[in-house]
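What shape does this take:
(one chain, ligands or ions: 2)
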Amino acid sequence: MKYIVILGSTGSIGTNTLDIVAKFPDQFRVAGLTAGSNVDKLEEQIRTFKPEAVALSDPKAAETLRARCRGQAVRILSGVEGLSDIARLPRADLVISAIVGGAGLVPTLAAIQAGKQVALANKEPMVMAGRLMQEEARKRGVKIFPVDSEHSAIFQSMEGHRREDIQRLILTASGGPLWDMPLEEMRHVKPKQALKHPNWKMGAKITIDSATLMNKGLEVVEARWLFDIPASQIGVIVHRESIIHSLVEYRDGSVMAQLGLPDMRTPISYAMQYPERLPLGQPPLDLAAIGKFTFHRPDHERFPCLGLGYESLKLGGTMPATLNAANEVAVAAYLEERIGFLDIAAVIRGTMDAHQRREVATLEDALDADRWAREKAGELVRARTLHSA
Ligand code: NAD
Ligand code: MG
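Ligands and ions are numbered 1, 2, ... in the order given. Now for the predicted structure:
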């Protein structure tokens with residue numbers, strides 16, 4: 001029996017994880033859950049999965065939940081400290097890190113420092129402080145299993161091979177909902193349309209990241225730290241069908257890939273029960289019905305965010321944390337229709353240009369850069385809002 005904690009249990013990855021727990025009750029039990037402010041869903045999850053403790057980052061929401069759960073044997077914590085306490089629950093063996101954005105950094109690091117195995121969906125902390133997270137993990141013998149489908153594919157394609165034989169990692173990208181849209185139309189594209197992902201059903205932030213290709217930019221940085229491979233050996237190819245989840249090229253010319261239907265429960269369950277493969281009961285992959293796979297080079301002109309991801313990695317230090325924070329602010333502003341779609345990249349570019357890069361030696365360094373970049377990006381958003389008003 002494996003006791004798990006889910007950070008971000010009410011989200012898309014969180015609920016998919018709980019689907020797996022419900023399907024395999026002999027393998028998993030829930031020790032703790034956390035969410036941002038979704039009281040209704042967390043309350044329902046408490047009733048079904050009976051965790052010993054939960055946390056909401058919003059203290060007011062935690063108050064409401066306490067009132068509703070009176071008489072139930074569950075401890076209810078709040079704030080960042082509360083999230084971190086759940087990540088460190090003594091009973092937990094594995095922490096599924098599935099909060100969205102930089103908000104996951106502190107609790108995910110807390111899990112690592114408490115010696116928990118980590119299944120990592122929340123890519124933003126790896127972007128902000130990848131070196132630090134890996135150093136902490138190494139010190140404590142913690143394994144970080146990738147959940148992101150591309151990184152899970154790479155992890156699987158590396159099994160049984162020697163890492164010194166690796167020539168290149170090739171991340172596949174679906175191209176997102178706007179892949180075929182001319183630049184002029186992109187300027188006016190509304191969130192409703194940008195939120196229509198062709199292959200994956202995910203939270204709003206990552207769906208917009210897929211539309212800008214920033215998701216791939218973040219994933220390049222994530223791959224850099226997860227696999228300790230320099231950016232010059234990480235490539236990206238657009239594969240619209242999202243069946244090949246990524247590839248690893250070896251120096252003898254051999255290329256290993258992992259394929260499957262786009263269903264996050266495959267990489268989640270692999271990270272949860274590695275190296276066992278759980279019988280998920282999905283429909284078989286019908287390659288004849290799919291007929292053909294297509295591939296395209298990324299278009300850096302219409303999708304500058306991918307290049308910004310590479311650039312942040314090249315500049316290093318606090319630059320990836322700056323990129324990430326500026327992106328979070330810009331995406332939130334776009335979702336609120338305060339800026340246009342193309343402004344997202346412009347706000348990130350402007351924030352990176354204004355940033356004085358420093359080394360990330362401590363958690364505080366990453367958090368400082370994050371705070372600074374959010375403020376700067378906020379200014380740039382306001383300037384753009386005024387312009388268009
Ligand atoms: P989501 O928006 O559906 O869920 C986010 C979860 O985090 C929710 O439980 C929410 O309550 C919680 N949360 C939000 N803000 C918070 C805060 N400030 N403090 C504490 N908790 C907070 O997001 P998602 O699509 O499940 O994505 C989660 C992470 O996994 C992201 O980093 C994303 O990039 C990554 N990821 C997701 C998918 C996917 O298929 N959804 C695939 C690959 C990677
Ligand atoms: Mg991915």
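
can you pull the contacts of Met256?
Ser157, Met158, His161, Leu247, Val248, Tyr250 (CB atoms under 8 Å, 6 or more residues apart in numbering). Every C-beta, even on glycine, is put in place using the N, C-alpha and C of the backbone.

quick one: which helix or strand includes the first one?
The one in question is Ser157. helix 149-158 (DSSP states H and E).

buried residues in the helix or strand that that helix is followed by?
Following helix 149-158 in sequence order, the next helix or strand is strand 166-173 (DSSP H and E). Residues Ile166, Leu169, Ile170, Leu171, Thr172, Ala173 are the ones in strand 166-173 that count as buried (16 or more other CB atoms under 10 Å).

what about strand 166-173 and ligand 1, touching?
No - judged by CB under 6 Å from any ligand atom, strand 166-173 and ligand 1 are separated, with a smallest distance of 12.2 Å.

any idea how far the residue in the stretch 201-350 of the chain positioned nearest to ligand 1 lies from Gly36?
Here the stretch 201-350 of the chain gets closest to ligand 1 at one residue, Gly203, 2.7 Å apart by CB to the nearest ligand atom. Distance, Gly203 to Gly36, by CB to CB, to the nearest Å: 11 Å.

Next to ligand 2, which bits of the chain? Give me the list.
Within the chain, the positions near ligand 2 by CB under 5 Å from the ion are Asp148, Ser149, Glu150.

Show me where the stretch 151-300 of the chain has its strands.
Using DSSP state E, counting those that start in this stretch, the strands of the stretch 151-300 of the chain run over 166-173, 234-238, 244-250, 255-259.

now the first one against strand 255-259, angle please.
So the one you mean is strand 166-173. 30 degrees (axes from the mean of the first three to the mean of the last three CA atoms, to 10 degrees).

Other residues contacting strand 166-173?
150, 153-154, 158, 213, 215-216, 219-220, 223, 227, 229, 233-239, 242, 244-251, 255, 298, 306.

And these, which of them are buried?
Neighbour counting with 16+ other CB under 10 Å marks 150, 153-154, 158, 213, 215-216, 219-220, 223, 227, 229, 234, 236-239, 242, 244-250, 298, 306 as buried within these.

returning to that earlier point: ok, the residue of the stretch 201-350 of the chain closest to ligand 1 touching Ser12?
Yes - if you go by CB atoms under 8 Å, Gly203 and Ser12 touch, sitting 4.9 Å apart.

nearest residue to Gly175 other than its sequence neighbours?
Val238 (4.5 Å; CB to CB, 6 or more residues apart in numbering).

pLDDT score for that neighbour?
The confidence metric pLDDT takes the value 98 at Val238.

Likewise for the one 3 residues further on?
Looking at Glu241, its pLDDT stands at 97.

and what of His387?
Looking at His387, its pLDDT is 68.

Kindly state the domain boundaries assigned to the chain.
Using automatic domain parsing, the domain parsing of the chain gives 2-146, 149-263+284-307, 316-389.

How about the last one and ligand 1, any contact?
Read it as domain 316-389. No - Domain 316-389 lies apart from ligand 1 when judged by CB under 6 Å from any ligand atom; the minimum separation is 10.1 Å.

Tell me how far that domain lies from the chain's centre.
Relative to its chain's centre, domain 316-389 lies at 18 Å (CA atoms, centre = their mean, to the nearest Å).

just the first one next, same as before
For domain 2-146, the separation from the chain centroid amounts to 14 Å (computed by CA atoms, centre = their mean).

Can you tell me, leaving aside adjacent residues, what's nearest to the residue in the stretch 51-200 of the chain that ligand 2 sits nearest to?
Of all residues in the stretch 51-200 of the chain, the one sitting closest to ligand 2 is Asp148 (4.2 Å; CB to the ion). Nearest residue to Asp148 in three dimensions, chain neighbours excluded: Lys123, at 5.7 Å (CB to CB, 6+ apart).

next one: phi and psi at the residue lying closest to Met181 once chain neighbours are set aside?
Spatial nearest neighbour of Met181, excluding adjacent residues (CB to CB, 6+ apart): Val189 at 6.8 Å. When read as degrees, to the nearest 10, the backbone of Val189 gives phi -70, psi 130.

Any figure for the gap between Val189 and Ala366?
For Val189, the distance to Ala366 - CB to CB - is 32 Å.

more neighbours, the two?
Of the pair Val189 and Ala366, Ala366 is the one with more neighbours under other CB atoms under 10 Å, namely 29 against 17.

Work out for me the element that one sits within.
helix 363-388.

list the helices and strands that helix packs on?
helix 105-113, helix 124-139, helix 319-335, helix 343-354 (3 or more CB pairs under 8 Å, 6 or more residues apart in numbering; DSSP states H and E).

let's see 7 Å
On a contact count with 3 or more CB pairs under 7 Å, 6 or more residues apart in numbering; DSSP states H and E, helix 363-388 meets helix 124-139, helix 319-335, helix 343-354.

Could you tell me the angle between it and helix 124-139?
Going by the same axes, to 10 degrees, helix 363-388 makes 170 degrees with helix 124-139.

May I see the buried residues of helix 363-388?
For helix 363-388, by 16+ other CB under 10 Å, it's 363, 365-367, 369-370, 372-374, 376-378, 380-381, 384.

how close does the residue nearest to Leu65 when sequence neighbours are not counted sit to ligand 2?
Nearest residue to Leu65, sequence neighbours excluded (CB to CB, 6+ apart): Val39, at 5.0 Å. Val39 sits 29 Å away from ligand 2, going by CB to the ion, to the nearest Å.

and Tyr270, how many neighbours?
What Tyr270 shows, counting by other CB under 10 Å, is a neighbour count of 22.

how many other residues sit next to the residue nearest to Ala194 when sequence neighbours are not counted?
Leaving aside its sequence neighbours, Ala194 sits nearest to Ala211 (CB to CB, 6+ apart; 4.3 Å). Ala211 has 29 neighbouring residues, counting by other CB under 10 Å.
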